[in-house]
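Participant: Curious how this folds, go ahead:
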Amino acid sequence: MNKYKKLGLSILLDAVGLISFTIPGFGEFTDIVWAPVSAWLMTKLYKGKTGKIAAVISLVEEAAPGLDIIPTFTLMWLYTYIFNSKKSIFKDIN
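Facilitator: This is a model prediction of the structure:
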């Protein structure tokens with residue numbers, strides 16, 4: 001998958017997680033369903049050990065009350081393609 005399509009999908013999945021944050025009462029119920037789904041999707045979007053670690057973080061973030069505002073998928077995209085990339089713009093600054 002193209003990295004920019006993955007970014008768009010990551011933003012969309014973060015928005016889905018945020019929707020439950022906006023519906024008091026009902027949001028907590030949907031988080032019970034969304035938390036494991038988001039973890040599974042994280043492992044499918046981001047492979048390897050980092051994807052598995054991000055899945056655990058996503059599961060906890062979505063299951064814990066009040067943390068839905070954290071854009072876990074987008075942060076993982078930034079980590080993968082900006083901060084951890086061998087071609088990272090930040091590595092050229094040194």
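Participant: isn't residue 43 right up against residue 52?
Facilitator: Yes - here residue 43 reaches residue 52: they are 6.2 Å apart, a contact under C-beta atoms under 8 Å. The C-beta positions use only the backbone N, C-alpha and C, and glycine is treated the same way.
Participant: Point to the residue nearest the middle of the protein.
Facilitator: Taking C-alpha atoms, centre = their mean as the criterion, residue 73 is the residue nearest the geometric centre of the chain, at 1.8 Å.
Participant: Next secondary structure element downstream of the helix or strand that contains residue 60?
Facilitator: For residue 60, the element it lies in under DSSP states H and E is helix 48-63. The helix or strand immediately downstream of helix 48-63 is helix 72-78, counting by DSSP H and E.
Participant: So what touches that following helix?
Facilitator: With C-beta atoms under 8 Å, 6 or more residues apart in numbering as the test, helix 72-78 has contacts from 3, 6-7, 9-11, 13-14, 17, 38, 41-42, 45-46, 50-51, 54, 57-58, 61-62.
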